[in-house]
Each structure stands twice: as structure tokens, then as C-alpha cells.
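Novice: Below are the sequence and a predicted model for it; my questions follow.
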Amino acid sequence: MPAAVNTEGPLGLLAGLGNLPVQVAQAAQDRGQGVYVLRVKGFVEPALADFPGKEIGLAEVGGMLKAFRRAGCTMLCFAGRVNRPDFSSLKPDLKGMSLLPKVISAARGGDDALLRVVVGAFEAEGFRVIGVEEASGSLVAPIGKISGSEPDEAQMADLRKAARIAGEIGRLDIGQGAIVCDGLVLCVEAQEGTDAMLRRCATLDARLRGTGQARRGVLVKRPKPIQDRRIDLPTIGLNTLEGVSEAGLAGIGVEAGGALLVDRDRLVERARELGLFVFGFPGDWS
């Protein structure tokens, strides 16, 4: 039987790189719940040093469980970027060692299968794992215009097609994003991630995409239909905006309620500066 966890206490945050875990930690402190942050070694966001917690190895699962219990955590949240590891280089503790065969087996089935095993391991120990949207609801993308102008008819057609493509590759556990311009699919996201996909798009012939002077095409990000929405929701941040701008695209579409907007006020302001739109589309687009 797993050891019982307390029914009250700070939010336990297993954190990787980026501003997302910083915002989740700050939100927990602001509402008076408090937070205890385990920063994954090799993926430590410097700003998280301002919050209670410590660094820990990715495979030290027993150490994670013990640290969260000692801190009095009941609820856990996973946030931030952690790259898929080289399993042969991991240094698991005893609990991590017992979990490793199941993790390696699940990893062959894709990222979402792997993440479900990790979440299940914490839930089996009595913790409740919550999504970033529950830990900090202000980050969730709303429906409709978020920044910039309303998409015109051609842009809306590109948004719908890109949303359909993103849904299909998500169903196959490939990625969460797609770029479409004038009905032509320019790029889809796989293991390289959104920023690398946008850099790839920027190398395409300008006749296929827009330019800074005449923007065309859209990026869409949406959750994979198969995924547990408590983990790995699509995220749009300032880097995404800069990549979209460099690729000459006109804007970004995200699934309302299914994507996170990091540093939202600055995001909206920067989108206006760059002449980009950000639009939240309904989840039933297919």
C-alpha cells in the first residue's frame, strides 16, 4: 500500500525549463497555497531558485516522492521543458529502477504513453496530479480573438485546415502543431518541437509563405486527441511569436481551453508590435 499523503499543503511542482513553471509557482504563492519545487537536473530554470525546493535527478522517483511528502504536498503539477532522456545514462534510485522497465516500454509507444506511466506512478502513491490549467487558470487560451485583428476569410480557411492536420498528427502521437499557407501544408511538428519547425518554415521559398512585408499563412497548435490534458498542453510564448514573425506568417491559432499562453500580457503586446494575430478556435474544429 502506498504511504498516505496529507490532505492539505503546498502545490508540488516537478519543473523543467521555461517561464511556464515559474508562472505556475508564482500563482500558487499568490493564492496563499504555497509551492515546493523539484527542479530536474539538467533542465533547471534559474528563476525557480527563488522558490522553496531542490534539484533532483530525472530518475530519482523515490527521492521525488519522499521530498514531496516531507514538504506536505497533496497535489502535484508537472510543468516546463524536459527533453526525452537517453535511458542508458539515467541514474535511478530504487523506486526509479523498479519503474524503469515500464517507462522504457511505454516510450516505444510515444511521448504520451510515456507521460501516462509517469503520472500513474505518482497517482499510485496517493498524490493527485493536476494540470497547469487548474494550477493557474489565467494561462489558458480563451475562444476568439486574443490579439491583433480578426482572421480574414483566407486566414480562417488556413486555420481550419491546420487545425485538422494538427489533430491528425496528434492522433498518431507525432506532434501538436502544423503550418498552412493558402491551403498548402508547409510543415508539421514532430520531435524537433515548435521553435525548430518555425525555423524550418523560415527557410522555405518566400513564394510558399509570407514575408515581413506581406504576411501569409498560420501556425496552429492543439492538444493531441489521445493525450492526458493534465500534462504537456501546447504552449505559446514569446519565442513562438518571434519564430512566427521570422517565418513571415500572419498569425497563430490555438485550441481554446486546450493551450497555454505564457506571460499573456506581454504576449498580446508583442503580437501587436509584430503585426500578428492570435486566435482561439473551438475544440470541435476537425
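Specialist: In hand now; what should we look at? Bear in mind the structure is a predicted one, so any value in this text is a computation, not a measurement. Residues are numbered from 1 along each chain as shown.
Novice: State the phi and psi torsions of Glu55.
Specialist: phi -90, psi 150 (degrees, to the nearest 10).
Novice: any idea how far it is from Pro10?
Specialist: Using Cβ to Cβ, to the nearest Å, Glu55 is found at 18 Å from Pro10. In short, each C-beta sits where N, CA and C put it, glycine included.
Novice: Mark out where each domain of this structure begins and ends.
Specialist: Domain assignment for the chain by automatic domain parsing gives 11-135, 140-281.
Novice: would CSV of those domains with mean pLDDT and mean neighbour count be doable?
Specialist: Below are the domains of the chain laid out as CSV (pLDDT from 0 to 100; neighbours: other Cβ atoms under 10 Å):
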stretch, mean pLDDT, mean neighbour count
domain 11-135, 89, 18
domain 140-281, 94, 19
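Novice: Could you report the separation of Gly193 from Ala121?
Specialist: 25 Å.
Novice: ditto for Ile231
Specialist: Ile231 is 13 Å from Ala121, by Cβ to Cβ.
Novice: Equivalent analysis for Leu48, please.
Specialist: From Leu48 to Ala121 the distance is 23 Å (Cβ to Cβ).
Novice: cool, Leu233 as well?
Specialist: Taken as Cβ to Cβ, the span from Leu233 to Ala121 is 20 Å.
Novice: just Arg164 next, same as before
Specialist: 34 Å.
Novice: Give me the distance between the residue nearest to Ala27 when sequence neighbours are not counted and Leu14.
Specialist: Closest residue to Ala27 apart from its sequence neighbours, by Cβ to Cβ, 6 or more residues apart in numbering: Ser136 at 3.8 Å. Ser136 sits at a distance of 15 Å from Leu14 (criterion: Cβ to Cβ).
Novice: next one: Pro234
Specialist: Look at Pro234 and Leu14: by Cβ to Cβ, they are 19 Å apart.
Novice: can you give me the strands for this protein?
Specialist: 11-15, 35-40, 53-56, 75-79, 128-130, 144-147, 177-181, 184-188, 218-221, 235-236, 251-255, 260-261, 277-281 (DSSP state E).
Novice: Out of the ones you listed, which gets nearest to Leu159?
Specialist: For these, proximity to Leu159 was assessed by Cβ to Cβ; strand 251-255 is nearest, at 4.3 Å.
Novice: by contact count, what packs against that closest one?
Specialist: The contact analysis (3 or more Cβ pairs under 8 Å, 6 or more residues apart in numbering; DSSP states H and E) places strand 251-255 against helix 153-171, strand 218-221, helix 238-246, strand 277-281.
Novice: The same query, at a cut-off of 6 Å, please.
Specialist: Using 3 or more Cβ pairs under 6 Å, 6 or more residues apart in numbering; DSSP states H and E, the elements in contact with strand 251-255 are strand 218-221, strand 277-281.
Novice: Export it to CSV, keeping only CA atoms.
Specialist: C-alpha atoms of strand 251-255 as CSV (Å, rounded to 0.1, in the frame of the first residue of the first chain):
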residue,chain,number,x,y,z
GLY,A,251,-0.7,34.6,-37.0
ILE,A,252,-1.3,31.8,-34.6
GLY,A,253,-4.4,29.7,-33.8
VAL,A,254,-4.7,27.7,-30.6
GLU,A,255,-7.5,25.5,-29.3
